[in-house]
Every structure is written in structure tokens, then in C-alpha cells.
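**Q** Compute the structure for the input listed below.
(one chain, ligands or ions: 1)
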Amino acid sequence: MFLTTQQMAVAGVAGPAWGLKHALRDGTVVPSRTLVWCVGVRPDPFVESLGLATEKGRLCVESTLRVPGRPEVFACGDAAAVPDLTRTGEVTAMTAQHAHRQGKLAAHTIAASFGHGRERE
Ligand SMILES: Cc1cc2nc3c(=O)[nH]c(=O)nc-3n(C[C@H](O)[C@H](O)[C@H](O)COP(=O)(O)OP(=O)(O)OC[C@H]3O[C@@H](n4cnc5c(N)ncnc54)[C@H](O)[C@@H]3O)c2cc1C
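**A** Numbers count the residues shown, from 1 in each chain. The predicted structure follows:
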């Protein structure tokens, strides 16, 4: 089935996974067994308001998660454009897996800055 752009705005979904009904904004009800949901993500606009270098709205950081030129500032997760060490020139995706790992890395790096452990990437 092909839907027009206007129809694609789903107003509501009801029913169990094996018998969904998608109610479109134009009133059409489409029976279905599958729902494919696509969503875009973007960092909080607060990041761009900081006046620091950003890439696609994410704060530019080094692989240690420090903001270049501001060694006392760390950023990670969706808010940060973290270099992906496995893909040269790329930054990590905005996913929970990266955010979780980077959160731990930020904690280690901050602890290291106080003399506990060593800094990592
Ligand atoms: C609908 C949806 C589905 C997703 N599904 C998946 C998935 O299946 N798998 C996956 O890996 N990732 C998924 N993601 C992405 C994942 O949720 C994010 O990448 C992850 O949560 C980023 O973690 P974070 O800690 O960087 O940011 P967040 O989890 O967004 O945490 C940031 C926190 O900061 C708070 N905050 C914001 N501004 C301020 C402020 N000014 N002052 C104080 N607090 C503030 C927010 O309230 C929030 O609690 C999904 C995202 C969305 C939107």
C-alpha cells in the first residue's frame, strides 16, 4: 500500500501487534499487522547556545571527551560529536550504547584529572 504524504501522518494506533489499526489524520483507518516507526534524533538546542564549536548541533569533543580549548569541560552522549575511533573521520551515532559507554569514560577521565587512575580514550 502506498500512502500520500498527508495520509502518512498517523493520528493514532490501536490494537495488539497482530491486528493493528492505524488511524490516519484524514480519517482513513488502515488495518495492519506491522508498524514500522522511524524517528529522527537531534541534540538539545541548549548545546548550540553555548557558543562552542558544534557539529550538526553536537558539541565538538576530543576522544577523551574534553572540549578542545576548554579542558575543564566534558561532553558525551547525544550532546557530543565524539570521534568514532573505529571509523576515521566519523563521529559516534546518537544511540544509548554509545552514550552509556561514553558516560563511563567521562567519569574515568574526570577521576583521572583528580589523580585517580589514568586518562583513557
Ligand atoms: C524515540 C527514541 C527511541 C530510541 N531508541 C533507541 C534504541 O532503541 N536504542 C538505542 O541505543 N538508542 C535509542 N535512542 C537514542 C537514545 O535514547 C539516546 O542516544 C540516549 O538516550 C542518549 O543518552 P544521553 O544521556 O546522551 O541523553 P539523554 O538520555 O537525552 O539524557 C539527557 C538528559 O539531560 C536532561 N537535560 C536536557 N537539558 C537539560 C538542562 N538544560 N538542564 C538539565 N538537564 C537537562 C534531559 O532531561 C535528559 O534527562 C532512542 C531515542 C529516541 C528519541
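
**Q** Mind telling me which residue is nearest the centre of the chain?
**A** With distances taken as C-alpha atoms, centre = their mean, M94 lies nearest the centre of the chain, 2.7 Å away.

**Q** residues in contact with it?
**A** Contact analysis of M94 by C-beta atoms under 8 Å, 6 or more residues apart in numbering lists V41, P43, R58, G77, D78. In short, each C-beta sits where N, CA and C put it, glycine included.

**Q** Over to T109?
**A** T64, L65, R66, F74, E119, R120.

**Q** for the ligand, what are the nearby residues on this structure?
**A** For the chain, the residues in contact with the ligand (C-beta under 6 Å from any ligand atom) are V39, V41, D44, F46, G77, D78, A79, M94, T95, A96, Q97, A99.

**Q** Right, and the ligand sits closest to which residue of the chain?
**A** Here the chain gets closest to the ligand at one residue, G77, 2.0 Å apart by C-beta to the nearest ligand atom.

**Q** what about the closest residue to that residue other than its chain neighbours, which SS state?
**A** Spatial nearest neighbour of G77, chain neighbours left out: A99 (3.5 Å); criterion: C-beta to C-beta, 6 or more residues apart in numbering. What DSSP: H, G, I helix; E, B strand; the rest coil gives for A99 is helix.

**Q** Likewise for D78?
**A** helix.

**Q** In contact with it, which residues are there?
**A** V41, P43, D44, R58, M94, A99.

**Q** can I assume I110 is in contact with A75?
**A** No - I110 lies out of contact with A75 (C-beta atoms under 8 Å); the separation is 11.9 Å.

**Q** before we move on, back to that, of the contacts of T109 - the most surrounded one?
**A** L65 (26 neighbours; other C-beta atoms under 10 Å).

**Q** what sits against that one?
**A** F74, A75, C76, A80, V82, Q102, L105, A106, T109.

**Q** Between these, which sits nearest L24?
**A** A80 (37.7 Å; C-beta to C-beta).

**Q** any idea how far that closest one lies from A23?
**A** 39 Å (C-beta to C-beta, to the nearest Å).
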